[in-house]
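Asks: Fold the following, please.
(3 chains)
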Amino acid sequence: MRSLDDMLALSTWTRELPAEQLRKVRAAIAVRDFDAGACICRKGDPASAWLGVIDGLIKIHSLSPAGKSVTFAGIPAGGWFAEGSVLRGKPFMYDTVALRDSRIAFLPEATFRWLLDTSIPFNRFLLQQLNERLGQFIGMVEHDRLLAPDARVARALAALFNPHLYPDADPQIQISQEELGYLAGASRQRVNRALQVLGKAGLIKVDYGLVTVLDLDGLQRYGS
DNA sequence: TCATTAAATTGTT
DNA sequence: AACAATTTAATGA
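Replies: Next up is the predicted model:
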């Protein structure tokens, strides 16, 4: 399992931070491990920290009153999230759950605001992150209405490998087809078929509980 | 190390 | 949604 320092080395916003400032940030971050299925934060919890996925995989999702689940985003190792709630100073609006055993970094709200007030590189990073996410969600609406199921699964999968949001060199992701279904808004059966199609097209390789991306660019543009 | 079993995941209808 | 097949992880000899 990766360490906090691995993740900080991977995050682009740490690179231009003066050593002294990075040291302070590093000292303020708390690290917690979660078992697969565990809840990292719930809707309504105060957003007291900016969160980073050091290792593992988490999802941001919402449960309907009837118990149906919609997943808005899966966030693999290397990703930071919840800046929206921290910026607003409002409680979390969604639940986040560990899909696998995961290690999470908690960067306290006060430290987050201090970075916001003092660091141009940090602000630049946040701006890019918000922009990338906005692009992803706009894309989701577009794909949901315009693309066939195979292509929707392809995009949902590709979104997990956004190099700006998740700067992780590992082209593999350990995720079940059921979770991929929640992410793509498709049934598990449909995802199963889509993965077979995408595998035959040479874009991905499918193994038990594991998907390896062979051609990210091809995945992104599949079906359009 | 190997066999057994339960649990998770996948493939198919 | 249901079922069978497959893979993994855990357990104990």
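
Asks: tell me which parts of chain A are close to DNA strand C?
Replies: Residues of chain A found near DNA strand C (CB under 7 Å from any atom of the strand) are A:189, A:207-209. (C-beta placed from N, C-alpha, C; glycine too.)

Asks: Farthest pair within the residues you listed?
Replies: For the residues of chain A next to DNA strand C, the maximum inter-member distance is 18.7 Å, found between A:189 and A:207 (CB to CB).

Asks: thinking again about what came up before, now the residues of chain A next to DNA strand C in JSON lines, with distance to DNA strand B and pLDDT?
Replies: As requested, those are arranged in JSON lines below (distance: CB to the nearest atom of the strand, whole Å; pLDDT from 0 to 100):
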{"residue": "A:189", "distance to DNA strand B": "4", "pLDDT": "97"}
{"residue": "A:207", "distance to DNA strand B": "8", "pLDDT": "97"}
{"residue": "A:208", "distance to DNA strand B": "5", "pLDDT": "97"}
{"residue": "A:209", "distance to DNA strand B": "4", "pLDDT": "97"}
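
Asks: Quick one: which of those residues is the most crowded by neighbours?
Replies: Of all the residues of chain A next to DNA strand C, the highest neighbour tally under other CB atoms under 10 Å goes to residue A:209, namely 12 neighbours.

Asks: mind listing what it touches?
Replies: A:174-176 (CB atoms under 8 Å, 6 or more residues apart in numbering).

Asks: for those, which one is nearest DNA strand C?
Replies: Taking CB to the nearest atom of the strand as the measure, DNA strand C lies nearest residue A:174 of the contacts of residue A:209, at 9.1 Å.

Asks: Look at residue A:127 and tell me its secondary structure.
Replies: helix (DSSP: H, G, I helix; E, B strand; the rest coil).

Asks: Then the one 5 residues further on?
Replies: Under the three-state scheme (three-state DSSP), residue A:132 adopts helix.

Asks: thought it was touching residue A:162?
Replies: Yes - the pair residue A:132 and residue A:162 qualifies as a contact (CB atoms under 8 Å) at a distance of 6.1 Å.

Asks: And the helices in chain A?
Replies: A:4-10, A:12-15, A:19-28, A:83-88, A:109-118, A:120-146, A:149-159, A:177-184, A:188-200, A:216-221 (DSSP state H).

Asks: Give me the subset of the residues of chain A next to DNA strand C that lies in strands.
Replies: residue A:207 (DSSP state E).

Asks: Looking at the residues of chain A next to DNA strand C, which one is closest to residue A:102?
Replies: residue A:209 (15.2 Å).

Asks: Of residue A:132 and residue A:162, which one has the most company?
Replies: Between residue A:132 and residue A:162, residue A:162 has the larger neighbour count (other CB under 10 Å), namely 19 against 15.

Asks: Might one say that that one is in contact with residue A:129?
Replies: No - contact criterion CB under 8 Å: residue A:162 and residue A:129 do not qualify, at 10.0 Å.

Asks: check contacts around the residue of chain A at minimum distance from DNA strand C.
Replies: Nearest residue of chain A to DNA strand C: residue A:208, at 3.7 Å (CB to the nearest atom of the strand). By CB under 8 Å, 6+ apart, residue A:208 lies in contact with nothing.
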